[in-house]
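*Asks:* I would like to see how this sequence folds:
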Amino acid sequence: MLRLRSIDESDPYHWLDLPSLYKQFTIVSNELAETQKQIDEVVARIVGEDSSKLAEICDSVGAPHDLGQWIHCSTDEEDDSNSEITSDDALFSVTLISHSLGCIFGRWDIRLATGEKSTPELPDPFASLPVCPPGMLQNEQGLPAAPSDVPSSYPLRISWPGILVDDKGHAEDIERRVREASQVIWLDRTDAIEQEACEILGVKTLRDYFSKPAGFFSDHLKRYSKSRRQAPIYWPLSTRSGEYTLWLYYHRLNDQTLYTCVNNFVEPKLRQMSETVNQLRGKGSGRTRDEEKEFERLQDFEQELREFRDEILRLAKLPWRPNLNDGVQITAAPLWKLFRLPKWQKTLKETWQSLEKGDYDWAYLAMTVWPQNVVPKCAKDRSLAIAHGVEDLFWVEDYDRWRVLQSPKEEIEEQKRRQRSGTRERAKRLLCELASGEDGHLSAADVGNRLASGSYDDRELALLLYPARLAEKCWEDVALAGRLGLSHPAKKTKVARDKFIREIVTKGCAEIGPMVEAAMDGRAKSFAEVWREIESGERDDLALALALWPDRVVNRCVEDMALAECHGLRKFFWVQYPAEAWRKRLIIEVEISNEVEWRRCIAAGLVSTPSFQAIS
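*Replies:* I've put the predicted structure just below:
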């Protein structure tokens, strides 16, 4: 935050001239440096390393261990010399100007600099980080402020659309707006502070500092860079010569920003230039020498504005739909031609070329511009599918692993195949025989209890449904084993016993036993009646029905989403995408085609959901 205490403690909030403020800034910086040194020494003692070794550790993980790394953020040795902030007083001047811009855009709360609002207390160092830094303009919930959160008494007009312009006389002229912010803070010392800052920065006026590629944006880029990460938040988009520049605030970008630039800034300026050019053109041969030069200059400028407008509209229709999750560099990449700082333009151009090649297909921008390329990759790469929110469309968690969804027909056959087995068919036949036999008149609950308790353990049905229990019994009871057609080994060793039990268990279908018990539990009707209900399809919600009649039940799950959910099969046959309603899954080619269409609708700003083709 910008508010600094005066050296004169009797007047702690007297506004000082720039040298005095810089002196105070230096004092605070030195105190921070000494504190950082003490922290390093404490940490070194804790980890058992000396300070030099600690520095190596910090370097290896990219952590700053020196105050200079916090202030001079960039470590890129390839930076142009013109872009370097060569002195601390220049750095301080840049900080003041940058802070003013942040106040204009509503990033920082200017009342903290004027003293109208008290500086918030520092949070506990071990507390979780707040959503917003302490100096940010916030609402009562501690979130970034919206226009409705700012009182009418707020001392500075905020440019909420996040667009300023380098155009003298315009209400949103960047030099004018920075001066307005300075006047709120410095009052009658504004002119002196501004002049001194310009002298330190080596420019005649603030407009010169903003208009030169190696001026404010270069310094801003350097401060907002760390190693290979470059993330400037104030973007200058310029005409070819740089005579006209729009400044965009990254955090206010949206899908209408470029159209706003054209409608509210470029078009009015173009009309103004066209009128002036037409007035001079109307003079014909009567133009003076100076008017002729001005006529040629304005014609060139008019053409530049047209090219500028056309390029902005081309990018808007790309479509350019900024998503801050992509990061600054990717979001700015399509605009690379409109930046004039060579180093940054080169970086963005290379980023755009990488996007075109598919190196950043995880980015929202890639999906927006090239859905026909990205969507098919999502069907093969789960990480991409997760990034773009289409994991449920193309992937399914199955047997504790993720796999690509097959076509609906293949998924249907796969789920039927998993339920089918000769052992289950044998168990079904034996249950049918039980229902049609003498025990069919018993209550279903009674039959279930008899199966579970072992009353039917002398029957093959029990051997199939409870193989582990029967194997133990048959090992001990030779007669029982004989009745069930089982032969004991010649030598009853431990190894032989384990093999005997293992073979019986393998040949059984132990999963069916609990299903039968659950289906019969509490049923007073006769076992024969209950069995007929299940057999006829009246109780296809039972797990037993799916296990013994998989073809019928799976086919019903394809048509009945609730039944599919009951059996845990919904994810294979149904999907809730992109609308809230559930729908049947389609073949992969159609899903991809529909998703590409849906993404194009989103990019075009259409609200309606595209119609989905049916399963072929």
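*Asks:* by contact count, what packs against the helix or strand where Glu275 lies?
*Replies:* Per DSSP states H and E: Glu275 is located in helix 267-283. Counting by 3 or more C-beta pairs under 8 Å, 6 or more residues apart in numbering; DSSP states H and E, the packing neighbours recorded for helix 267-283 are helix 289-316. Heads up, the C-betas are built off the backbone N, CA and C, glycines and all.
*Asks:* just the angle between the helix it packs on and helix 267-283, please?
*Replies:* Between helix 289-316 and helix 267-283, the angle comes out at 150 degrees (axes from the mean of the first three to the mean of the last three C-alpha atoms, to 10 degrees).
*Asks:* now do the buried residues in helix 289-316.
*Replies:* Neighbour-count burial for helix 289-316 flags 295, 298, 301-302, 304-305, 308-309, 311-312, 315-316 (criterion: 16 or more other C-beta atoms under 10 Å).
*Asks:* centre of the chain versus it, how much separation?
*Replies:* When C-alpha coordinates are averaged (C-alpha atoms, centre = their mean, to the nearest Å), helix 289-316 and its chain have centres 39 Å apart.
*Asks:* now do stretch 220-231
*Replies:* 21 Å.
*Asks:* same deal with stretch 503-523?
*Replies:* Worked out by C-alpha atoms, centre = their mean, stretch 503-523 lies 47 Å from the chain centre.
*Asks:* do stretch 124-131 as well
*Replies:* 23 Å.
*Asks:* kindly report the same for stretch 167-179.
*Replies:* 35 Å.
*Asks:* which of the residues in it are buried?
*Replies:* Buried, per 16+ other C-beta under 10 Å, within stretch 167-179: 167, 170, 172-179.
*Asks:* contacts for stretch 519-531?
*Replies:* With C-beta atoms under 8 Å, 6 or more residues apart in numbering as the test, stretch 519-531 has contacts from 431-432, 434-436, 439-448, 534, 539, 542-544.
*Asks:* first-to-last residue distance for that stretch?
*Replies:* 9 Å (C-alpha to C-alpha, to the nearest Å).
*Asks:* could you pull out the helices for the stretch 51-200 of the chain?
*Replies:* For the stretch 51-200 of the chain, the helices defined by DSSP state H, counting those that start in this stretch occupy 51-61, 67-71, 88-104, 111-114, 174-186, 190-201.
*Asks:* of the ones you listed, which shows the lowest average pLDDT?
*Replies:* With a mean of 37, helix 67-71 has the lowest mean pLDDT of these.
*Asks:* not counting sequence-adjacent ones, nearest residue to Gln138?
*Replies:* Cys132 (5.2 Å; C-beta to C-beta, 6 or more residues apart in numbering).
*Asks:* do the same with Leu384
*Replies:* Cys378 (4.7 Å).
*Asks:* same thing with Ile200?
*Replies:* Going by C-beta to C-beta, 6+ apart, Ile200 has Ser93 as its nearest residue, at 4.8 Å.
*Asks:* how much space separates that neighbour from Phe339?
*Replies:* Separation of Ser93 from Phe339 (C-beta to C-beta, to the nearest Å): 23 Å.
*Asks:* Lys317 too?
*Replies:* 20 Å.
*Asks:* out of the helices of the stretch 51-200 of the chain, the one nearest Thr368 is which?
*Replies:* Closest approach to Thr368 among the helices of the stretch 51-200 of the chain (C-beta to C-beta): helix 88-104, 28.5 Å.
*Asks:* helix 190-201 and that closest one, what's the angle between them?
*Replies:* 130 degrees.
*Asks:* helix 88-104: how far from the chain's middle?
*Replies:* The chain centroid and the centroid of helix 88-104 are separated by 31 Å under C-alpha atoms, centre = their mean.
*Asks:* next, the buried residues of it.
*Replies:* Buried residues in helix 88-104 (16+ other C-beta under 10 Å): 89-104.
*Asks:* for stretch 431-444, same thing?
*Replies:* Neighbour-count burial for stretch 431-444 [16+ other C-beta under 10 Å]: 431, 434-435, 439-440, 442-444.
*Asks:* go on, stretch 242-249?
*Replies:* Neighbour-count burial for stretch 242-249 [16+ other C-beta under 10 Å]: 243-249.
*Asks:* reformat those residues as a markdown table; add distance to Gln415, pLDDT and secondary structure.
*Replies:* Below are the buried residues of stretch 242-249 laid out as a markdown table (distance: C-beta to C-beta, whole Å; pLDDT from 0 to 100; DSSP: H, G, I helix; E, B strand; the rest coil):
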| residue | distance to Gln415 | pLDDT | secondary structure |
| --- | --- | --- | --- |
| Glu243 | 68 | 95 | coil |
| Tyr244 | 64 | 97 | coil |
| Thr245 | 62 | 97 | strand |
| Leu246 | 58 | 98 | strand |
| Trp247 | 59 | 98 | strand |
| Leu248 | 53 | 98 | strand |
| Tyr249 | 53 | 98 | strand |
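*Asks:* low-confidence stretches in the protein?
*Replies:* 1-26, 28-29, 44, 46-88, 607-616 (pLDDT under 70).
*Asks:* tell me the residue in it that is farthest from the middle.
*Replies:* For the chain, the residue at maximal distance from the C-alpha centroid (C-alpha atoms, centre = their mean) is Ala479, at 68.0 Å.
*Asks:* closest one to Leu112 out of the buried residues of stretch 167-179, please.
*Replies:* For the buried residues of stretch 167-179, the nearest to Leu112 is Val178 (17.7 Å; C-beta to C-beta).
*Asks:* ok, the closest one touching Ile104?
*Replies:* Yes: here Val178 reaches Ile104: they are 7.0 Å apart, a contact under C-beta atoms under 8 Å.
*Asks:* pick out the residue nearest the middle of the protein.
*Replies:* Within the chain, and using C-alpha atoms, centre = their mean, the residue nearest to the centre is Asn325, at 5.0 Å.
*Asks:* that one falls within a strand, correct?
*Replies:* No: per DSSP: H, G, I helix; E, B strand; the rest coil, Asn325 lies outside any strand segment and is helix.
*Asks:* please enumerate the strands of the chain.
*Replies:* Counting by DSSP state E, the chain has strands at residues 163-166, 225-226, 229-230, 234-238, 245-249, 395-398, 401-404, 574-575, 583-584.
*Asks:* can you put those strands in JSON lines and add distance to Glu199?
*Replies:* Below are these laid out as JSON lines (distance: least, C-beta to C-beta, whole Å):
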{"stretch": "strand 163-166", "distance to Glu199": "21"}
{"stretch": "strand 225-226", "distance to Glu199": "26"}
{"stretch": "strand 229-230", "distance to Glu199": "29"}
{"stretch": "strand 234-238", "distance to Glu199": "23"}
{"stretch": "strand 245-249", "distance to Glu199": "23"}
{"stretch": "strand 395-398", "distance to Glu199": "62"}
{"stretch": "strand 401-404", "distance to Glu199": "63"}
{"stretch": "strand 574-575", "distance to Glu199": "65"}
{"stretch": "strand 583-584", "distance to Glu199": "68"}
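*Asks:* great, nothing more from me.
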